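[1] return atomic coordinates for the entry below.
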Amino acid sequence: MLSNPVWAQEINTVKVDVLSKTSSSWDGKNLPEYEKGKPEITILRLTIPPNVQLPLHKHPVINAAVLLKGELTIVTEDKETLYLKAGDSIVEVVNKWHYGKNEGNEPAEFIVFYAGIQGTPITIKKTIKK
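    Sure, this is the predicted structure:
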C-alpha cells in the first residue's frame with residue numbers, strides 16, 4: 001500500500017489520494033532513463049472539444065495526466081487503446097506514436113505534467129510524407 005507524505009500524516013484533515021506511482025507507461029513498457037541536462041517541468045491544461053481527434057504525435061519526455069472532465073480515448077499506431085473517464089490518471093507512452101480523441105458529448109479537459117530537459121520538445125507531430 002502507498003503511504004501518504006510525512007507532512008500529511010501530521011495533519012489529520014489532509015486527504016491524499018495517490019493517482020499514479022509507477023515506472024511504466026499505460027501500455028506496460030518501462031519508462032526511459034532520464035536524460036542528462038537541465039530539468040524543465042511543463043504543466044498544461046488541455047481541452048479537447050467533442051468529436052475532435054488530435055494528430056498522430058509522440059512525446060520524447062516522460063509525462064502524466066489526470067482527466068478532469070469528459071472522456072478520452074488514446075490509440076497507439078499499433079492499435080493499443082486506452083479509454084479514460086473523468087478522474088482517471090495516465091502515465092503516457094514515451095517515444096511511441098499515438099493520438100487522443102474525444103468521442104464524447106462534452107469537452108475532455110485534463111492537466112498534463114511533462115518532466116523534460118530544457119531544449120527538448122514535449123510533443124512531436126508526425127509529418128505525413130506526400
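[2] helix or strand: which one has Ser20?
    Counting by DSSP states H and E, there is no helix or strand that carries Ser20.
[3] residues near it, how many?
    Ser20 has 12 neighbouring residues, counting by other Cβ atoms under 10 Å. For every residue, glycine as well, the C-beta is placed using N, CA and C.
[4] which non-adjacent residue is nearest it?
    Spatial nearest neighbour of Ser20, excluding adjacent residues (Cβ to Cβ, 6 or more residues apart in numbering): Ser89 at 4.5 Å.
[5] next one: phi and psi at that neighbour?
    Note on Ser89: backbone dihedrals following degrees, to the nearest 10 are phi -110, psi 160.
[6] please apply the same query to Pro55.
    Dihedral angles for Pro55 - degrees, to the nearest 10 - are phi -70, psi 160.
[7] verify the stated contact: Val66 with Val18.
    No - between Val66 and Val18 there is no contact, the gap being 11.9 Å when judged by Cβ atoms under 8 Å.
[8] out of these two, which sits in the busier spot?
    When neighbours are counted by other Cβ under 10 Å, Val66 and Val18 differ, and Val66 comes out ahead with 17 against 11.
[9] is it true that that one lies in a strand?
    Yes - under DSSP: H, G, I helix; E, B strand; the rest coil, Val66 sits within a strand.
[10] run through the bridge partners of it.
    Note on Val66: beta-bridge partners Ser89, Ile111, judged by DSSP bridges.
[11] show me what contacts it?
    19, 87-90, 110-111 (Cβ atoms under 8 Å, 6 or more residues apart in numbering).
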